[in-house]
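Asker: have a look at this prediction, sequence included:
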Amino acid sequence: MIIHCEAALTDGHGNIVLDEIEILEPAEDEVLVKIKAASLCHTDHDSLSWGKPLVLGHEGSGIVVKTGSKVTHVKEGDAVILNWATPCGHCFQCLEGNQNICENNSPVVAGGNGYTPGHATLNSTKWKGEPIIRSFNLGTLSEYTLVKSAAVVKNASRKMSFPAASIISCGVMTGYGSVINAAKVTAGSSVVVLGAGGVGLNVIQAAKISGSARIIVIDVNPDKAAMVKQFGATDFIVADKNDAGLLNAAQKVKDFLGGKGADYAFECTAIPQLGAAPLAMVRNAGTAVQVSGIEQEITIDMRLFEWDKIYINPLYGKCRPQIDFPKIISQYDRGNLLLEEMITRTYPLKDIEKAFDDMIKGRNAKGVIVFP
């Protein structure tokens, strides 16, 4: 059986193409998924210029259509969430519990640019008769996708929508996991969040779930004040775009907290010049977390580390998909985690360019492509 379906692709040179692709039957360790929703993030837009043709998309949810003979954890008809950091299960990092930085399969660690050579059977997906790579080994901006079994997690929620489920697999997991898994935020603590985009909102929510007593959010957009309070913030500071390193904002944080810095600070802006900013927000022996994945070279004033401060740079919230996704789903089902409220707008696949434009121009907290 060959599936013919519509997908959003890129030629690798900045262009988007809507065209038909072909997908073969699943191998013994693969799962064929009918995509119901695929959320967008800035990485998807970046992937337009990675220099290789790709099936776009790395965040998604859907329904299992068919499984390979060795797949046992999901079956036909199951609702699933797709996970882009697919662990191999046997490398050093996987055995250490660091599945997010798998040495063999991680499209960031092993591949470096959103796909892992040799990870997927290249001949399983074709465009114009030629094999084509799926972004982050998923390619969720397609009516169907064929993925490794380790890339799918069953969604047991009875009330979660497919658009809400689709945003878990990157932005929600990154923000939530950075708080819960990486920083291990404690009850009664104070937290600063730099940037109130999709990832920042989930840092706020996870800090609230952790029992933080004070959650201070800093953003340049004053219109976000009401939204961050909805997600659990206790205070909001409007940042000045000319405040180098947010040092003035850091002083305001200290004023809020009796002259000391916060226990934890999370950078969620993806602005390289703010890579060191969370260090300015925390007290001595506090923890600064660089959440957004800044990879550019930056200069840091080492006095910001004084004294005994910890700076960590976790990937994907140290995600262990089969462990962490069910926890997130449970928090949602209990009303502790807002997901639908993050979705500003949904689009059909044909409006993919409009969806990207809205994202780039900051019109959406989260935009989601939905499929019939």
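Answerer: All right, it came through fine. Note that the coordinates shown come from a computational prediction; the quantities given were computed from them, not determined experimentally.

Asker: quick one: the helices in the stretch 201-350 of the chain, in order.
Answerer: Here the stretch 201-350 of the chain has its helices, by DSSP state H, counting those that start in this stretch, at 225-230, 247-256, 277-281, 321-333.

Asker: quick one, which of those helices gets closest to residue 79.
Answerer: In terms of Cβ to Cβ, the element of the helices of the stretch 201-350 of the chain nearest to residue 79 is helix 321-333, at 10.4 Å. All C-beta atoms are positioned from the backbone trio N, CA, C, and that covers glycine.

Asker: and the strands in the stretch 1-150 of the chain, which stretches?
Answerer: 3-10, 16-23, 30-39, 54-55, 61-67, 79-82, 125-127, 130-131, 133-134, 144-148 (DSSP state E, counting those that start in this stretch).

Asker: gap between residue 162 and residue 361?
Answerer: The gap separating residue 162 from residue 361 is 25 Å, by Cβ to Cβ, to the nearest Å.

Asker: I meant to write residue 294 there.
Answerer: 21 Å.

Asker: same thing with residue 274?
Answerer: Noted for residue 274: a distance of 20 Å to residue 361, by Cβ to Cβ.

Asker: ok, those two, which is more surrounded?
Answerer: Taking other Cβ atoms under 10 Å, residue 274 and residue 361 do not tie; residue 274 has more neighbours (24 against 8).

Asker: contacts only, for the more buried one.
Answerer: 194, 245-246, 267 (Cβ atoms under 8 Å, 6 or more residues apart in numbering).

Asker: change it to 6 Å
Answerer: Residues near residue 274 by Cβ atoms under 6 Å, 6 or more residues apart in numbering: residue 267.

Asker: swap in residue 345?
Answerer: By Cβ under 6 Å, 6+ apart, the residues touching residue 345 are 364, 367.

Asker: and stretch 343-363, what's buried?
Answerer: Buried residues in stretch 343-363, counted by 16 or more other Cβ atoms under 10 Å: 343, 346-347, 349, 352, 355-356, 358-359.

Asker: do the same with stretch 321-331
Answerer: Within stretch 321-331, the residues that count as buried by 16+ other Cβ under 10 Å are 321, 324-329, 331.

Asker: so who does the residue nearest to residue 208 when sequence neighbours are not counted touch?
Answerer: Distances taken as Cβ to Cβ, 6 or more residues apart in numbering put residue 232 closest to residue 208, at 3.4 Å, once the chain neighbours are dropped. By Cβ under 6 Å, 6+ apart, residue 232 lies in contact with 204-205, 208, 215.

Asker: ditto for residue 270
Answerer: Shown in contact with residue 270 (Cβ under 6 Å, 6+ apart): residue 292.

Asker: quick one: it from residue 91, how far?
Answerer: Distance check for residue 270 against residue 91: by Cβ to Cβ, it reads 28 Å.

Asker: and if you look at residue 10?
Answerer: From residue 10 across to residue 91, the span is 30 Å (Cβ to Cβ).

Asker: in terms of neighbours, single out the busier of the two.
Answerer: A count of neighbours by other Cβ under 10 Å puts residue 10 above the other of residue 10 and residue 91, at 23 against 18.

Asker: got the confidence number for the more buried one?
Answerer: At residue 10, the pLDDT value in this model is 95.

Asker: help me confirm that it comes into contact with residue 48.
Answerer: Yes. Using Cβ atoms under 6 Å, residue 10 is in contact with residue 48, at 4.7 Å.

Asker: where do the contact lists of the two overlap?
Answerer: By Cβ under 6 Å, 6+ apart, residue 10 and residue 48 have no common neighbours.

Asker: find the nearest non-adjacent residue to residue 22, please.
Answerer: With Cβ to Cβ, 6+ apart, the residue lying closest to residue 22 is residue 126, at 4.6 Å.

Asker: from residue 312, how far off is the one you found?
Answerer: Using Cβ to Cβ, we find residue 126 at a distance of 41 Å from residue 312.

Asker: for residue 55, same thing?
Answerer: Counting by Cβ to Cβ, the separation of residue 55 from residue 312 is 33 Å.
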